Each structure stands twice: as C-alpha cells, then as structure tokens.
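**Student:** Just to be clear, the model below is a prediction. Sequence and coordinates:
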Amino acid sequence: MGTTTTIERNQEAAGKGQLVEMNWDPITRIVGSLGIFTKIDFGKRKVAECHSTSSIFRGYSIFMKGKDPRDSHFITSRICGICGDNHATCATYAQNMAFGVRPPAIAEWIVNLGEAAEYMFDHNIFQDNLVGVDFCEQMVKETNPGVFEKAEKTESPHAGVHGYRTIADIMRALNPFTGAFYREALQMSRLTREMFCLMEGRHVHPSTLYPGGVGTVATVQLFTDYIVRLMKYVEFMKKVVPLHDDLFDFFYEALPGYEEVGRRRILLGCWGSFNDPDVCDYTYQKMTDWGRAMYVTPGVIIDGKQVTTDLVDINLNIRILLGSSYYDDWQNAETFVKHDPLGNPVDQRHPWNQSTIPRPQKRDFAGKYTWVMSPRWYDKRTGDYLALDTGGGPIARFWSTALAGLVDIGYIKATGHSVKIYLPKTMSLPETELEWKIPKWSNAIERDRARTYFQAYAAAAALHFAEKALAELHAGRTKTWNDFKVPEDAIGCGFHEAVRGVLSHHVVIRGKKIANYHPYPPTPWNANPRDIYGTPGPYEDAVQNTPIFEENGPENFKGIDIMRTVRSFDPCLPCGVHMYLGDGRVLETHHSPMFGMQSSQP
Amino acid sequence: MPAHAAAPYGQITQKKPAVAEVHILWITAGLGCDGDSVSITAATQPSIEDVVLGAIPGLPKVHLHNPVLAYETGDEFMKYWYLAEEGKLDPFVLVVEGSIPNEKIKEEGYWAALGTNPDTGQPIPTTEWIDRLAPKALAVVGAGTCATYGGIHAMEGNPTGCMGLADYLGWGWKSKAGLPIVNVPGCPVQPDNFMETLLYLLYQVAGRAPMIPLDEQLRPKWLFEQTVHQGCDRAGYYEEGDFASSYNSHKCLVKIGCWGPVVNCNVPKRGWMAGLGGCPNVGGICIGCTMPGFPDKFMPFMDEPPGGRLSSTAIATYGKAIRTLRAVTNHTVNKEPKWRHSRSQLTTGYQPQSY
C-alpha cells in the first residue's frame, strides 16, 4: 500500500472529484532507489498527476575527470549493478573510436555473445522474478479478486507447450520463491550468467574487456561451454514466450480497456546493439554505415514512423535539459566540442559539452525534486524537444528493427512490419518460429510482452554469433586484441543498448587524460522529471492518465496498475530515478486545471 | 507417513536453532549500484532460495527484506525498517550495500536516501537509517567494496565524501551481540562468498558455530587470506618467467596491469559462478577490487604495477632456466616407453616360461 495522508473532500470545488495524494517510496523489485508521488482521482479512477524522483547522487562525471581514459570501462561498469557490462562495453566502443583501434573480428563476436547472454539473463530475471510478481496469484488476489476467479476458469491457450493448464496456474507459478516457474526462471538466470562469464569473465562488472578487444582466450572449449547452455535456454524460451502471451492476452480480455494502462504517445529511441566486425571500424566518419549494420537497428520512432536510423543524426540531436533537477546550469560553461569529426556543429546541451554541477537541496515538487536530468531528442523538423522513452528496451529495439527491415541473418528477419525469430530443434521441442508484430500501443502490457520476445531474439542472435566466432576459430584467427596508443587529444562516443534501453558514452580526452565524460543510460531517459519547458518525463507521463483497474479503494490501495506501468519500463535507478506515488493525502483546496479536476465526479 | 506415526528416529540429529526466526534488513541505498544484491541471486552455494525456503538444516527461519526482491513496495516495505527501529523486529541482521556519503559537507538536501519522512515530506538519508538501526542489529554486514571500504564512488575527486561502513561507524564498532562489522568486499561481491558468509552468521546465530573469524580488515579469514596469485592457474607462467606482453595471451598478466600477487581474493580459485569465469585466470587483469585501496592505488589499471617490476625481473633468469629444463622433461614424458610396439618380440622385460 502506498502512503496515504488524510483523505478529505475538496470543499472549495464541492461537487468535484476526490483527488488523493499517494506515494510509493521506495518502489521495490527494480534496481535502485525510486519513489513515485501521485495524485489519484478515485472518482474518475484515474491517475491525475505523477512525479518521479531519484534519491541517489554519485558523481561519475566529476570524479572521472583527469583519470586515464583507458580506465573508463572499468570505472563506468560500476554505474550499474545489473547491466554494468553494457556500460563497460559502451565505454570500450567510445575508447575504440577515441584511440583509433579496431578489434579483431573474433573479439567482436565474443563481446556480442557476452552481451546477448546479458540480455538473456537480465530480461529473464526482471520479467519473471521482479515484474512477474505483479501478475502472481498473491498479488492478483489482493488487487483484483474478480480477475483471479476468472483466471481459474480460463484455460491457457498454449497449455500444451508450457504445461500450465489455466491462467491461474501460471499466476500461482509466479508466486515469489514458492512458485515453480519463479524458481525455474531464477535458476535459468544463473545458467545465462555462466554464459556471460565465459565471454566477459565476471558478472556484472566484466574483467576481460579492453579497448582494442578482449582478453578472453578463444578456444574450442569456450564455445562448446557456451553453446550447450544456450540450447537449454532456447528450449526454455519456446515455453516462456507462449506462457507470457497467454498471461498478457488474458489481461486484455479480463479487464477491457487495460491497453490504456501505462499508455503514452509512441516516442521511442533505440541506439542499436551488436556491432558487425565486417563493417564496424569505429570511425565517426563511417558511423552512419556501421550503425545500420548493427544486429539491432538504431532508430527514433515518432508516432509509429521511423524518422531516422542514422547514429550521427541520433547523436547530434541529443540534448540534456534541466528544469527540476538538483544541478546548476552549464550554458555558460566551457564548450569542449564545437564540431563533430564530420564538421557538424555540436550543441552546448549535448553530452560532449555538459558540465555536471551538483546542487543538493530540499525536495520540492513544485521546483526541484530529483537527481535525474531530463535528456531529450531534438526534432529538427518541428523544433520539439521530445521526451523519448525506451519502453524498458525491447519494445523500442523491436519497433526500430522491424521498421528498418535491415536485419536478415536467417535466425532473425526484420520484415518492415514485424520481426521473425527462428529457434532450431532442441532436446524435447521441435523447431519454432516466433514473430513479434508491431503492436497498436506503447503501453505496459506491450512493453512487457516485447521483453519476453527479445529474450528469444537475443538467443537467436547468439546462435548466429557463435557460428561466426567458430568460423574465425576454425580458420585459425584466434587473436583477440589489437594494440593502440592513447592520443594526446581526442573525442569519442559509443552507442549501445543497455538491457533496459538506449546507452551512450561521450568522452573528451586532453593531454591523454579524461577532460569530460558523460554516460547516458536508459533510466535518465525514462525516469526524468519535468524539463525547463514543463514536459514531464516518460514515467510521469505514462502514469498520468493511467486508468485504475484495481478493485481496492483508497484505504487499502496497492497501486498495482501504477506499479505495472512503472515496472514495464524496467527502472534501474543507479542509472537514474526515484518516483513517488502519494498515498492518500487530500489535496490543497485549489487544483490546477491541468490535473483534470474540472470534470471530476462528486 | 500417517499422521499418528512416531517421529522418525533420525530426527534426534536435528537440533532446534537457538533463535527460531531472524530478519535480514538489506539497505541498498548507499552510493552503490545494487550489484551486490544482483550478485547474490547468482549464488548457488548456498542459493538465496536455499536460505529463504529452509533447505539447509539447523538454521533459523529467515525473513529477507531486500528492495530488489521484496514482494511489498512503498510503506508496506518500509514498515520493517520502522519496526526494527522500535525494537520490534528482533533479532535482525543489517546488510548495507553502497558507500556511505558524508551528509555533513553541505547545507541541505541529500546524497543518498531511503523512504520519505512522514513529518517533513523529505527523503530520509541513508546515514540516518544506519544511525537508527545499527545499535539494534545483531550483526552489521557490509556487502561489496563500496559498503566495506568506500570503493569506486570514494575515488579521489569525488563530490560526496563517501566512505566505508567501518569508517562511518568506527573500526572498533561492535554490535549489541558483540560482533564486529563483517566486511565481504568485492566489486561486486563474489556471489557465493557473500552467501557463505551469511550462512556462517546464521549458523552462529543458531548457536552452531563459534565467532566468525575475521582479519584486521574485518574480512572472513577463510575467504580472503590467500592472494589472487596464489589461486591463479596462470601463476605457473609467472614461476617460469613467462609473461604476457599483450592482452591477447593465455600467460601471466602481471606485466600488463595485473595486481594479483598482492591482492586478497579467492576469485581465480573459486571462479565467478559454478567454477567458471574469474579475472586473471580467464584473461582479465586483477584491478584489486576487493581491497581497501581500491580503486586509486591500482590506477591506471592497465599499466604494470610499479612494485611488480623488481620481482618479475628477478624471476626472469631463474624462470627461463626452469622453463628450459622442464621443456626437456616434457619432451621425454610426451613419448611412450619403447616396449609398446607391434613387432613380434616382447621387450617389456618379462621373461616368459612358455608361450
């Protein structure tokens, strides 16, 4: 239950609705510390307002100044305890550009295999051990007993594949620790982490990544150990995808209108994942080409249309805004990079030019209320600063890859409107083709559904990478690292997909030391506050106007629909937020019309 | 078994723990990354479900309150913190993850916080929770290098002035049960190292183990008394003076940044998970991430440790000679004895009476 303060009727607006302030602080079953503060209109059964806030500041961009740029991947891995390796990988991409080094092909395949294992692990544990609890028997009984009764009577359409006869059986299997599927998923998350450790040494802060390649020793045994584990996961995914389809489809059916939960405008960003060593030379000059050769296609999707797949375009239009964050502005601070290597001007609000100046202060929801800044993507067609979200990663990756229609590796085929995934025969299940289709909405259920499908995508991609790596090995090309010199002055950038979405690292090197370093992980994109123009961040935006389907009233309200919304983004606060959903305080007597009070019920 | 049947004879082996139930309150709201909480979900020796579901005999029933795994959220989750503060959640073990920021160095606001103060509407600083709970805890455990010694966020030039738990509470601090702070360093903590330490403490709470043996840095002795190098399967190359000069090598990495010979850690020996992975044993230089001096005393990570040159040079001549002699012997033992052949004579040395 959220915190509820006094509940009163709004006297002044007599005959209007009952707006209740509720907060959840901290939000659990995510990584990091997040608080969500909301105002809920129980008359209209809708969330009227939401603020998201972060309670942690560490200061990477500050303490990395003056350090050796070769250390940046070791340091930035520590930003995140669940996808630290995504940071380390992205940092090596930026180092490779800055140092002018191209790793041997087998090193790139090894990194791709490691990162694929990370997606397989992380989406798995988050979906089935953290998010899954929001759909488990205990939770559904406590929030929507009517829905649980219906689940008892609803046969699972794919029971023959996954073995759970009714939807209620699936829900029981998701109960924390005691549920059979919960425990199976937890165990599977260990198998995939073993795969990860084979390629990158340790989880979650890798030991074997370097600029220029990897220290992993490429042997027959390395790939044998990986592939036998991978095939067990492939078999697991053949059951898990239909299991989740059954569960999520049931929610649409049991609660008509559930598509509105967590729904927001389709504004998605994906920075691309898995480089192709045949194309990627890490030069900025050719970034457009090697970006489009990635095995997950970068792109920006606005209202369902892909407006770009060009990493240079994506890069140049990133803007970091303030407005509600605990920092001083840097508009008049030093400009580190005036032009990119292609001669394009670089904005003062671009990460290359950001200066981080923390200003700790009291939290004030009418003013500054979070440590997260507000990243935006500048749409040069309209002049808008768009609050892109990542949808927790997979939905944006699929949407971008599907529309671009570039990926075609047999195991995976992007069709222009969908993505086909092929899983070969495994021990007890035949070959299987899955197809992720572009959904009608960017909402909580579709973010969650895409997560499951992307686990299969990562496994299918890994089958391809393993074949490519073995081809190098069999040809005797086992060298995994190329030497480099640290230049006196340089700039670099890396683009990657952290598990939960877009990731960029921007570095400026002067006198062989780091002069400026700004990583932008997915959570700042998703969890940010209202910017200087008043545009709310994606969590805030998605929670606002979310309808309430929970059967409980304000007195024992758990906020499950809000929790499902927030968790659908796979929050990861070490990378950036704190949301707060108020629990029952009556609001001050006058309400801003923007909260929808005018039409509230008596 | 019928309900009226007598208890099985072997049940006499099962002693009730001295304490029936214990709570584990786990604060992740230091300056960290939650990597240690994620790490323990990888453990199998024991696993988190082994401990929570009572799959190991003789332990108290364990109630885990960790924000990454908790069923409850918001105030329902925080109520255990308030109960502990009021002395109504007894006994409990407090686990702290992340380094402890210095909240005294600024006028207002917070560097790290957990939950909201109902009176002020402001976040409750993590340091305040430690002040409230440490005196009531049976034991206080630091999980990972940030909580134990400060770690990466306490790097030179950091804005938060953060530190380890013992720097904050005092190195001589003892719990009400007389336990020093227990430090399990590692960035992140090696999964089984943490769960095994927790298991030991639970045995101790149950009255089945003596005081946990700790070294001066408050680490469990049996996990941290050896160096990385002593457990590294590449140490044989060091002995033979055969060093890697590039990261593209299966040989000893000390000349390109590995600090293994002077770092207390068992990872190359134990592996990262299920005996797999690690650091120098699989091609990753040891950057000293379990150490109080991490990270500054090991940076820049990719250069040869300044103190290592003398010893690696000293061993070069000796190692080269040993390597040459071993190569000769290796050549010999790679050949089968001469009596194994398909000719029509028996040359094994056996003298048959008749064939």
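**Tutor:** Nice, thanks for sending it over. Numbers count the residues shown, from 1 in each chain, chains lettered A, B, ... in the order given.

**Student:** Could you pull up the contacting residues of residue A:111?
**Tutor:** A:89, A:92, A:103, A:199-200, A:209, A:214, A:275 (CB atoms under 8 Å, 6 or more residues apart in numbering or on different chains). C-beta coordinates here come from the backbone N, C-alpha and C atoms, glycine included.

**Student:** need the longest helix for chain A.
**Tutor:** helix A:220-254 (DSSP state H).

**Student:** in it, what's buried?
**Tutor:** A:222-223, A:225-227, A:229-231, A:233-251, A:254 (16 or more other CB atoms under 10 Å in any protein chain shown).

**Student:** Return the list of helices and strands in contact with it.
**Tutor:** helix A:105-125, helix A:145-153, helix A:159-162, helix A:167-173, helix A:180-200, strand A:418-423, helix A:444-474 (3 or more CB pairs under 8 Å, 6 or more residues apart in numbering or on different chains; DSSP states H and E).

**Student:** how big is the angle separating that helix from helix A:444-474?
**Tutor:** For helix A:220-254 against helix A:444-474, the angle by axes from the mean of the first three to the mean of the last three CA atoms, to 10 degrees is 160 degrees.

**Student:** next one: helix A:220-254 to chain centre, how far?
**Tutor:** 19 Å (CA atoms, centre = their mean, to the nearest Å).

**Student:** next structured bit after that helix?
**Tutor:** strand A:267-270 (DSSP states H and E).

**Student:** next helix or strand past that following strand?
**Tutor:** helix A:287-292.

**Student:** export that following helix as CSV, just CAs?
**Tutor:** In CSV, the C-alpha atoms belonging to helix A:287-292 read as follows (Å, rounded to 0.1, in the frame of the first residue of the first chain):
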residue,chain,number,x,y,z
MET,A,287,29.2,5.7,-38.1
THR,A,288,26.1,6.0,-40.2
ASP,A,289,27.0,2.9,-42.2
TRP,A,290,28.2,0.7,-39.3
GLY,A,291,25.3,1.8,-37.2
ARG,A,292,22.9,0.5,-39.8
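
**Student:** In this structure residue B:254 contacts residue B:307, no?
**Tutor:** No: the criterion here is CB atoms under 8 Å, and residue B:254 misses it with residue B:307 at 10.6 Å.

**Student:** Looking at those two, which has the bigger crowd around it?
**Tutor:** Per other CB atoms under 10 Å in any protein chain shown, whichever of residue B:254 and residue B:307 has more neighbours is residue B:254, with 28 against 10.

**Student:** Give me the neighbour count for residue B:87.
**Tutor:** 9.

**Student:** any idea how far residue B:22 is from the closest residue to it other than its chain neighbours?
**Tutor:** Among residues not flanking residue B:87 along the chain, residue B:136 sits closest, at 6.0 Å (CB to CB, 6 or more residues apart in numbering or on different chains). Distance, residue B:136 to residue B:22, by CB to CB, to the nearest Å: 13 Å.

**Student:** likewise residue A:461?
**Tutor:** Taken as CB to CB, the span from residue A:461 to residue B:22 is 44 Å.

**Student:** which residue is nearest the middle of chain A?
**Tutor:** Nearest residue to the geometric centre of chain A (CA atoms, centre = their mean): residue A:500, 1.7 Å.

**Student:** thought that residue was touching residue A:570?
**Tutor:** Yes: assessed by CB under 8 Å, residue A:500 is found in contact with residue A:570 at 4.0 Å.

**Student:** between those two, what contacts are shared?
**Tutor:** Common neighbours of residue A:500 and residue A:570 (CB under 8 Å, 6+ apart) are A:392-393, A:522.

**Student:** Looking at the residues you listed, spot the one nearest chain B.
**Tutor:** When the shared contacts of residue A:500 and residue A:570 are ranked by distance to chain B (CB to the nearest CB), residue A:522 comes first, at 14.5 Å.

**Student:** How about that closest one: what's its closest non-neighbour residue?
**Tutor:** Residue A:522's closest residue in space is residue A:501 (CB to CB, 6+ apart), at 3.2 Å.

**Student:** Can you give me the neighbour number for the residue in the stretch 101-250 of chain B positioned nearest to chain A?
**Tutor:** In the stretch 101-250 of chain B, the residue that lies nearest chain A is residue B:109 (2.9 Å; CB to the nearest CB). A total of 20 residues lie near residue B:109 under the criterion other CB under 10 Å.

**Student:** distance of it from residue A:361?
**Tutor:** For residue B:109 relative to residue A:361 (CB to CB), the value is 4 Å.

**Student:** again with residue A:97
**Tutor:** Residue A:97 is 37 Å from residue A:361, by CB to CB.

**Student:** who's more crowded, those two?
**Tutor:** For residue A:97 versus residue A:361, neighbours defined as other CB under 10 Å are more numerous around residue A:97 (24 against 15).
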